[in-house]
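Asks: how would this look folded up:
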Amino acid sequence: MRRLLTGGVTALAVLLAAGCSTRSDDAPDPGRQNSPAAQETETASSDFGTLKGVCGPGTAEKSTAQGVTDDTIQVGVLSDVGFTKKSEFVDTAEVFTSWCNDAGGINGRKIEAVSRDTRFTEVRQRTIEACKEDFALVGGGAALDSLGVKDRLKCLLPNFPAQSSQIGAIGSDLQVITSQPTAGYFQYSGYYSWLMKEKYPESADRVGVIAGDSPVTKVMSAQFEEAVAGLGGKVSYTDLYPASGVSDWTPYAQAVKEEGVRGLVFLGDFASLAKLEQALTNIDYAPDWIDANSNAYGPAFPQLAGAALSKQHNYAELFATAPLESAADNPATQQAVDLFEKYAPGKQLTYPALRAFSSWLLFATAARDCTTLTRACVYENARENSDWTAGGLQAPFDLTSEEPTTCFAVVEATAKGWLPAGFEPDQGAFRCDGPAYKYKGDYGKPATLDSVGKSMSDLK
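Replies: Coordinates of the predicted model:
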């Protein structure tokens, strides 16, 4: 029987969640399409996009791995849903496992997804619980994910997350992420090169950064300042705003204007950004560009920003994931839309959900190809993918490499909602000529098996 069980703060927590993760909202998505295919499909296909036979029946060999029986595979899904109220990772688990199980499961074994609610601060507790019961972690993410990474490594629990947020977790051992970020590299190099060198070249020496006043976002601010300089620009203005919130954004808007900021990086929650942009519009000032980042990608931000979007130019990079707005032109994205319509009607397919779907596909195909299902086999199979596209959901990503992808996709917020930006894609929905920028500063390192007294030889 399939199950989705729920396990188990402040203004600072809101700010950290916004700054560290790829969150969106659960409001109805005007770009989502009601495809007849979702309603007419009676039997689940085993294919997804260009991936053939992702799930299906079979007679799996006996396995002694934790979380695996003759009939089921139990995996955990980490999320901050109890705090953020964003159910996208839980929803994606429901959709994927329903579809996969209807198609026959993984070699006949049904997937049981157990939702492990970290409630923002309880990452370690949920990880320890998963260590006792789950075969792996799949398709989830937590803003404070580094809190549980050493416990995960001690129990040799593989993780296939939709996102990874903190330095200790990004690039950590036994973790396979299907796209950015890559440990030690600035994850927006192609996007920022396009903004500063092509789209708005006069902005390069007048970049500003406003970040929430927290330890996490302060580190991010330093990383952005270094990377902007490394890519040929200059951060000429920085500021922090209090985690408790801002009652009047006018002083910040005036400072941006007085400093002549031409490109603005905002590291915080998109509701605050919308208020800042309204203040900027009220004093008749608009930078050439504002990086609203993928936190704002969803229907809520354009609604909150309102008339300010007629003056302010907002962009976001989607880590080389095809925009939802182009689903009609991208079969894999449309199939994800259809599956959500079929298995989770009324739930929103978001950008984080697309990333989670990619992680589920990677896990399923890696497990499918194991003669005997073990953690070592699944992890090694996943890491062998040198051209992972999730059936067409994203640009190719080399999971065998420790270097970032050169591909990126950019969307722009408009009064009509988010739309693909004119960034001159050269491979379908993506542009794949971005430079790589490796940090020179010391911002910490990802956790390793060696740091907890383990090695790859311990993985069975």
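Asks: surely E133 and G67 touch.
Replies: Yes - the pair E133 and G67 qualifies as a contact (CB atoms under 8 Å) at a distance of 6.3 Å. (Each C-beta comes from the backbone N, C-alpha and C, glycine too.)
Asks: just how off-centre is stretch 205-222 within its chain?
Replies: 20 Å (CA atoms, centre = their mean, to the nearest Å).
Asks: just the C-alphas of that stretch, formatted as CSV.
Replies: The C-alpha trace of stretch 205-222 is given here as CSV (Å, rounded to 0.1, in the frame of the first residue of the first chain):
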residue,chain,number,x,y,z
ASP,A,205,30.0,48.4,-12.4
ARG,A,206,26.9,49.5,-10.5
VAL,A,207,25.6,46.3,-8.9
GLY,A,208,23.9,46.4,-5.5
VAL,A,209,23.1,43.6,-3.0
ILE,A,210,20.4,43.8,-0.4
ALA,A,211,20.3,40.8,1.9
GLY,A,212,18.5,39.7,5.0
ASP,A,213,20.5,40.1,8.2
SER,A,214,21.2,36.5,9.0
PRO,A,215,24.4,34.3,9.1
VAL,A,216,23.3,32.4,6.0
THR,A,217,22.4,35.3,3.8
LYS,A,218,25.5,37.2,4.9
VAL,A,219,27.6,34.4,3.5
MET,A,220,25.5,34.4,0.3
SER,A,221,26.0,38.2,0.0
ALA,A,222,29.8,37.7,0.2
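Asks: overlap in contacts of E133 and G67?
Replies: Q74 (CB atoms under 8 Å, 6 or more residues apart in numbering).
Asks: what about the longest helix along the chain, average pLDDT?
Replies: Longest among the helix segments of the chain by residue count, using DSSP state H, is helix 351-368. The pLDDT scores in helix 351-368 average 97.
Asks: per-domain residue ranges of the chain.
Replies: Annotated domains of the chain cover 11-184+324-399+445-458, 189-318 [automatic domain parsing].
Asks: make JSON lines out of these and add mean neighbour count.
Replies: Formatted as JSON lines, those follow (neighbours: other CB atoms under 10 Å):
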{"stretch": "domain 11-184+324-399+445-458", "mean neighbour count": "21"}
{"stretch": "domain 189-318", "mean neighbour count": "20"}
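Asks: and those domains as a markdown table, adding distance to C407?
Replies: Conversion of these to a markdown table gives the following (distance: least, CB to CB, whole Å):
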| stretch | distance to C407 |
| --- | --- |
| domain 11-184+324-399+445-458 | 4 |
| domain 189-318 | 7 |
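Asks: mean pLDDT lowest where, among those?
Replies: Across the domains of the chain, domain 11-184+324-399+445-458 gives the lowest mean pLDDT, at a mean of 90.
Asks: about what we covered before: which element follows the longest helix of the chain toward the C-terminus?
Replies: Next along the chain after helix 351-368, taking DSSP states H and E as the criterion, comes helix 375-383.
Asks: show me what that following helix is packed against.
Replies: In terms of contacts (3 or more CB pairs under 8 Å, 6 or more residues apart in numbering; DSSP states H and E), helix 375-383 is packed against helix 351-368.
Asks: the helix it packs on packs against which elements?
Replies: Using 3+ CB pairs under 8 Å, 6+ apart, helix 351-368 sits against helix 88-102, strand 136-138, strand 159-160, helix 331-343, helix 375-383.
Asks: what angle separates that helix from helix 88-102?
Replies: Helix 351-368 and helix 88-102 are oriented at 40 degrees to each other (axes from the mean of the first three to the mean of the last three CA atoms, to 10 degrees).
Asks: returning to what we had before: and the longest helix of the chain, C-alpha only, in CSV?
Replies: Only the C-alpha atoms of helix 351-368 are listed here, as CSV (Å, rounded to 0.1, in the frame of the first residue of the first chain):
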residue,chain,number,x,y,z
TYR,A,351,9.5,25.0,-10.2
PRO,A,352,10.7,23.1,-7.1
ALA,A,353,8.2,20.3,-8.0
LEU,A,354,9.8,20.0,-11.5
ARG,A,355,13.2,19.7,-9.8
ALA,A,356,11.8,17.1,-7.5
PHE,A,357,10.4,15.2,-10.4
SER,A,358,13.8,15.0,-12.0
SER,A,359,15.2,13.6,-8.7
TRP,A,360,12.5,10.9,-8.6
LEU,A,361,13.2,9.9,-12.2
LEU,A,362,16.9,9.6,-11.5
PHE,A,363,16.3,7.4,-8.4
ALA,A,364,13.7,5.2,-10.3
THR,A,365,15.9,4.6,-13.3
ALA,A,366,19.0,3.9,-11.1
ALA,A,367,17.0,1.4,-9.0
ARG,A,368,15.4,-0.2,-12.0
